[in-house]
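**Student:** Have a look at this prediction, sequence included:
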Amino acid sequence: MTSNEIRKSFLDFMASKGHQVVPSAPMVIKDDPTLMFTNAGMNPWKGIILGNDPIKYARVADSQKCLRVSGKHNDLEEVGHDTYHHTMFEMLGNWSFGDYFKQEAIDFAWEYIVDVLKIDPANLYATVFEGSKEEGLARDDEAASIWAKHLPADHILNGNKHDNFWEMGETGPCGPCSEIHVDSRSAEERAKVPGRELVNKDHPQVIEIWNIVFMQFNRKADGSLEPLAKKVIDTGMGFERLVRTIQCKTSNYDTDVFQPMLKKIGEICHCEYGKNEKIDIAMRVIADHIRTIAFAITDGQLPSNEKAGYVIRRILRRAVRYGYTFLGMREAFMYKLIPQLIADMGEAYPELVKQQNQIVPVIKSEEEAFLRTLDKGIGLLDKLMDEARKAGKTEISGVDVFTLKDTYGFPLDLTELILRENGFTTNEEEYNKALEHQKTMGREANKQDLGDWTILEEGETEFVGYDELNCETKILRYRQVSQKGKSYFQVVITPSPFYAEMGGEIGDSGNLSLTLAGGKKQAFKVLDTKRENGLPVLIMNEVPFVTGGVAGESGILYAEVDAEKRQAIMCNHTATHILHYALRQVLGAHVEQKGSLVTADSLRFDFSHFQKVSPEELREVERLANKLIRDDMPLEESRHTPIADAKAMGAMALFGEKYGDDVRVIKYGPSIELCGGCHVPSTGKIGSVRIVMETSVAAGVRRIEAVTASKADELYYTQQDMLINLRALFNNAPDLAGAIHRSIEENAGLKKQIEEFMAEKIARFRDELINRAEDFGDIKLVRMQGDADPNLIRGVMPLLRGKFTDVKFAVVGATEYEGKPTISVFLSQPLVDEGKNAGTMIKSAARLIQGGGGGQPWMATAGGRDVNGLNAAMEQLLADLKN
């Protein structure tokens with residue numbers, strides 16, 4: 001079976017067992033502050049598992065794109081060195097939300113593996129949780145007894161808490177799990193050492209292929225466990241490992257998942273897989289990483305220096321570095337692999353095909369930028385080695401090596417390779433300390449202590465904020481959160497008019513206003529509204545009825561959104577839709593949204609376009625957008641539209657966004673988009689939109705920033721005031737542009753005259769200095785003291801250098817200008833050839849005038865604060881010149 005056939009067989013099998021087959025969610029996660037990437041098949045279902053989202057299908061199956069760069073067996077620096085770990089991988093999975101449990105989950109797995117895929121049962125092993133005394137948990141005898149129907153006793157193995165008890169995090173749903181391992185060794189090897197002795201021992205041919213998690217507990221903040229109200233089955237089967245097993249290979253890279261790509265890498269890089277271990281590792285790294293990079297860009301995550309973008313940039317640079325070091329690739333090449341990736345995976349993931357024109361230029365641009373960084377890093381490393389040689393050292397500071405990696409992106413292994421080739425080592429202990437310090441700082445910055453939810457009433461949040469900004473409400477639950485030394489509360493209410501940050505639109509703020517039985521009123525500030533695992537939470541410093549002077553009281557609670565802020569947000573969000581439409585009309589249908597940020601003050605809109613937008617094009621976009629605003633087009637909203645119908649209407653769907661079967665369609669005249677944000681009732685409410693900036697974000701991606709409504713008015717007033725002030729500076733000239741142009745021309749003419757005058761003055765000064773030369777041993781010396789313009793001194797020295805090429809000539813100055821001291825030295829080339837250095841001389845004497853400076857071996861100057869030290873400085877300079 002080919003890999004595509006294997007993937008299809010799994011989904012078809014699960015569909016036959018009543019599972020709803022759904023497409024993969026994006027690999028890049030947009031609205032979960034706890035995760036940047038989907039790193040497990042269950043991530044898209046966290047909201048359901050936590051009880052925050054309703055259950056639409058009790059049984060679900062998919063093939064999910066995942067990305068891991070840290071954790072057990074997933075250190076990025078190790079990928080490529082073995083044959084079965086990856087950054088991006090596919091996870092085949094099936095889920096049950098409160099439907100079937102252990103019996104069916106194990107039976108389904110066995111039927112698929114043995115009956116459908118025909119894997120020999122003699123080579124299969126299952127692990128079960130052995131129990132934990134400290135947790136008060138017994139062995140999972142239920143799972144073991146189910147496995148006993150399929151496997152002999154010596155193929156059912158106990159696993160410890162580390163391997164066989166799955167947890168979502170420090171708190172939340174968890175439970176025992178059962179892993180299926182396959183022994184792919186030869187019969188001779190199996191006869192020597194039984195497979196059961198190699199399970200979970202990191203043997204490359206005895207590997208886990210399927211993990212079945214039985215979520216039956218909830219881990220509380222105090223570490224205790226309580227039963228889950230609805231048990232969940234969460235299974236994950238590594239697609240690449242499964243294909244390897246079915247295709248009887250000993251390496252994931254030998255399967256048809258990777259072989260076509262490895263051959264293409266060989267063609268482009270002029271190498272062959274399987275001939276040299278170092279070259280093989282490099283080719284595996286590139287074959288693995290190109291998938292990760294392309295899918296991330298497809299999902300809307302561009303390489304950058306922040307968060308998820310930094311991870312993608314780091315992965316891309318690792319691949320480029322392996323190509324540079326081991327395959328001799330000095331030019332960008334990875335972007336040439338995209339057509340092969342599309343040939344391999346485009347059928348299963350059509351978004352690759354649709355986004356090809358976006359993926360290729362982004363990767364090419366990133367490669368070229370990093371190759372320039374490599375050249376710069378090599379130059380910095382050469383400098384470090386030169387300094388070490390002069391000091392008689394063979395060890396480079398570990399801190400310097402870490403700085404090269406952390407600040408300049410220069411990889412450690414390439415640094416070590418260059419050092420070895422030049423007879424140097426680095427201090428690994430210093431390097432590791434610097435690295436650990438950085439990691440510790442990162443962990444502390446992101447550490448978040450979550451308290452347990454205090455549940456006042458069961459229920460889900462009903463969002464009413466599209467229609468009203470104030471309503472009577474009640475608190476469902478709350479918990480305390482501590483982060484970066486600060487403490488606050490997360491509060492869940494229903495109904496709620498507060499929009500929770502999502503899709504680029506910031507969250508609402510406002511108040512929860514409490515009216516007590518005696519008529520007393522108190523407002524509790526809602527600082528922000530976030531989305532936590534799909535759950536809308538209010539961020540507050542106090543909780544009504546719970547904290548402060550009203551603890552334990554009763555009364556009526558009202559939710560009140562900050563109406564002025566919401567109005568500004570709605571204007572900016574609707575303006576992004578209008579600008580999106582206008583950009584497509586002016587620049588072309590290739591324009592697609594690549595990201596946005598909508599706040600109360602401004603909007604930011606990223607879009608695909610392959611060149612700078614000209615001022616004329618921006619003006620045309622702005623004119624069209626404002627026309628659509630003045631047309632006062634009403635909002636036509638459909639909150640529950642089947643996604644197929646929405647697309648048929650022409651609604652714009654964004655790549656990298658996860659949509660359900662029912663979507664919300666927002667339409668203003670010709671602008672039709674899928675959107676869950678807040679919008680004005682008609683475009684006229686926006687007033688106007690002004691584009692304030694257009695820049696590049698990445699290759700093929702541009703960004704505009706704009707303001708609307710009152711902020712657009714403020715921009716207009718600021719520019720009008722600037723124009724009034726400019727007119728006043730030019731005597732209110734009716735032709736202001738002409739007056740400014742004439743002034744610039746006059747200024748340029750005067751500047752040229754001044755330059756000519758200064759050139760003549762410097763030439764006269766040069767001749768004057770030459771005439772003042774005196775004998776100083778075998779040197780012709782000019783002493784400068786008294787009042788002298790430092791600019792004149794600096795200007796004359798290059799003229800002297802050209803005149804004295806074979807004569808020992810020196811100028812030593814200790815002068816004062818406008819109350820400030822300056823020291824200066826000029827040395828002709830014969831003096832420099834003798835080993836004298838003007839820069840060194842100046843550094844030594846500058847302390848005498850409480851200053852600092854430097855320069856080149858033939859010319860140097862320094863300024864200072866103490867004019868009383870000039871005589872001592874002159875004596876110091878003359879002494880250095882004489883010695």
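**Tutor:** Great, that's in hand.
**Student:** so where do the strands sit in the stretch 151-300 of the chain?
**Tutor:** 156-159, 165-167, 172-183, 206-219, 225-238 (DSSP state E, counting those that start in this stretch).
**Student:** how about low-confidence regions in this protein?
**Tutor:** 31, 33, 70-75, 443-447, 548-550, 552, 654-658 (pLDDT under 70).
**Student:** Columns distance to residue 619 and mean neighbour count on top of the strands of the stretch 151-300 of the chain, output as CSV?
**Tutor:** C-betas here are computed from N, CA, C, even on glycine. Supplementary listing: these in CSV, determined by distance: least, Cβ to Cβ, whole Å; neighbours: other Cβ atoms under 10 Å:
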stretch, distance to residue 619, mean neighbour count
strand 156-159, 66, 19
strand 165-167, 56, 20
strand 172-183, 52, 23
strand 206-219, 57, 23
strand 225-238, 53, 19
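**Student:** Adding distance to residue 277 as columns, could you present those strands in CSV?
**Tutor:** Converted to CSV, the strands of the stretch 151-300 of the chain look like this (distance: least, Cβ to Cβ, whole Å):
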stretch, distance to residue 277
strand 156-159, 33
strand 165-167, 35
strand 172-183, 25
strand 206-219, 21
strand 225-238, 24
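**Student:** how about the ones you listed, which one is nearest residue 28?
**Tutor:** strand 225-238 (19.1 Å; Cβ to Cβ).
**Student:** Residue 84 is nearest to which of the strands of the stretch 151-300 of the chain?
**Tutor:** Proximity to residue 84, assessed across those by Cβ to Cβ, is greatest for strand 206-219 (6.1 Å).
**Student:** and the angle from the closest one to strand 225-238?
**Tutor:** Inter-element angle recorded for strand 206-219 and strand 225-238: 150 degrees (by axes from the mean of the first three to the mean of the last three Cα atoms, to 10 degrees).
**Student:** how far is strand 206-219 from where the chain is centred?
**Tutor:** On the basis of Cα atoms, centre = their mean, to the nearest Å, strand 206-219 sits 30 Å off its chain's mean C-alpha point.
**Student:** That strand packs against which elements?
**Tutor:** Applying 3 or more Cβ pairs under 8 Å, 6 or more residues apart in numbering; DSSP states H and E, one finds that strand 206-219 contacts helix 102-110, strand 165-167, strand 172-183, strand 225-238, helix 239-246.
**Student:** got TSV for these, with distance to residue 76 too?
**Tutor:** Conversion of those to TSV gives the following (distance: least, Cβ to Cβ, whole Å):
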stretch	distance to residue 76
helix 102-110	30
strand 165-167	23
strand 172-183	24
strand 225-238	18
helix 239-246	17
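**Student:** Which one, of those, ends up nearest to residue 566?
**Tutor:** strand 172-183 (32.2 Å).
**Student:** Which of the helices or strands spans the most centrally placed residue in the chain?
**Tutor:** Of all residues in the chain, the one closest to the mean position by Cα atoms, centre = their mean is residue 309, 2.3 Å from it. For residue 309, the host element (DSSP states H and E) is helix 307-326.
**Student:** What of residue 475?
**Tutor:** strand 470-483.
**Student:** now the following helix or strand past that strand against strand 470-483, angle please.
**Tutor:** Once the chain leaves strand 470-483, the next helix or strand it forms, by DSSP H and E, is strand 486-494. For strand 486-494 against strand 470-483, the angle by the same axes, to 10 degrees is 150 degrees.
**Student:** Partner strands of the strand holding residue 475, with direction?
**Tutor:** strand 448-450 (antiparallel), strand 454-455 (antiparallel), strand 486-494 (antiparallel), strand 555-561 (antiparallel) (DSSP bridges).
**Student:** Residues contacting that strand, please?
**Tutor:** 447-461, 464, 487-497, 512, 543-546, 556-561 (Cβ atoms under 8 Å, 6 or more residues apart in numbering).
**Student:** With stretch 365-379 instead?
**Tutor:** Under Cβ under 8 Å, 6+ apart, the answer for stretch 365-379 is 303, 313, 316-317, 320-321, 324, 330-335, 404, 408-410, 414-415, 418, 698-700.
**Student:** Just the buried ones among those residues, please.
**Tutor:** Using 16 or more other Cβ atoms under 10 Å as the burial test, those include 303, 313, 316-317, 320-321, 324, 332-335, 404, 409-410, 414-415, 418, 698-700 as buried.
**Student:** Sitting in helices, which of the residues you listed do you find?
**Tutor:** Taking DSSP state H, the ones among the buried ones among the contacts of stretch 365-379 that sit in helices are 313, 316-317, 320-321, 324, 404, 414-415, 418.
**Student:** Include distance to residue 614 when you put these into JSON lines, please.
**Tutor:** Below are these laid out as JSON lines (distance: Cβ to Cβ, whole Å):
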{"residue": "313", "distance to residue 614": "29"}
{"residue": "316", "distance to residue 614": "30"}
{"residue": "317", "distance to residue 614": "33"}
{"residue": "320", "distance to residue 614": "33"}
{"residue": "321", "distance to residue 614": "37"}
{"residue": "324", "distance to residue 614": "37"}
{"residue": "404", "distance to residue 614": "40"}
{"residue": "414", "distance to residue 614": "41"}
{"residue": "415", "distance to residue 614": "43"}
{"residue": "418", "distance to residue 614": "44"}
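**Student:** Mind picking the one among those that's closest to residue 252?
**Tutor:** Closest to residue 252, out of all of these and judged by Cβ to Cβ, is residue 316, at 20.9 Å.
**Student:** correct me, but the closest one touches residue 362?
**Tutor:** No. Counting by Cβ atoms under 8 Å, residue 316 does not reach residue 362; the two are 9.4 Å apart.
**Student:** intersection of neighbour lists for those two?
**Tutor:** Joint contacts of residue 316 and residue 362 (Cβ under 8 Å, 6+ apart) are residue 303.
**Student:** What are the buried residues along the strand holding residue 475?
**Tutor:** 471, 473, 475-481.
**Student:** With stretch 449-457 instead?
**Tutor:** 450-453.
**Student:** Ok, stretch 381-400 next?
**Tutor:** 381, 384-385, 388, 396-398, 400.
**Student:** Same check on stretch 503-512?
**Tutor:** So for stretch 503-512, counting by 16+ other Cβ under 10 Å, buried means 503-512.
**Student:** can you tell me which two in those residues are farthest apart?
**Tutor:** Checking the buried residues of stretch 503-512 with Cβ to Cβ, the most distant pair is 504 and 512, at 25.8 Å.
**Student:** picking up where we left off before, want to try TSV for the strands paired with strand 470-483, with distance to residue 721 as columns?
**Tutor:** Shown next, in TSV, are the strands paired with strand 470-483 (distance: least, Cβ to Cβ, whole Å):
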stretch	distance to residue 721
strand 448-450	46
strand 454-455	54
strand 486-494	40
strand 555-561	34
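**Student:** hmm, back to that, list just the nearest of the ones in helices among the buried ones among the contacts of stretch 365-379 to residue 746.
**Tutor:** Among those, and counting by Cβ to Cβ, the member closest to residue 746 is residue 313, at 49.3 Å.
**Student:** what residues are up against that closest one?
**Tutor:** Counted by Cβ under 8 Å, 6+ apart, residue 313 has contacts 303-305, 366.
**Student:** host element of the residue lying closest to residue 813 once chain neighbours are set aside?
**Tutor:** Of all residues not flanking residue 813 in the chain, residue 784 sits nearest, at 3.5 Å (Cβ to Cβ, 6 or more residues apart in numbering). Under the criterion of DSSP H and E, residue 784 resides in strand 779-787.
**Student:** ok, now residue 811?
**Tutor:** Going by DSSP H and E, residue 811 is part of strand 809-817.
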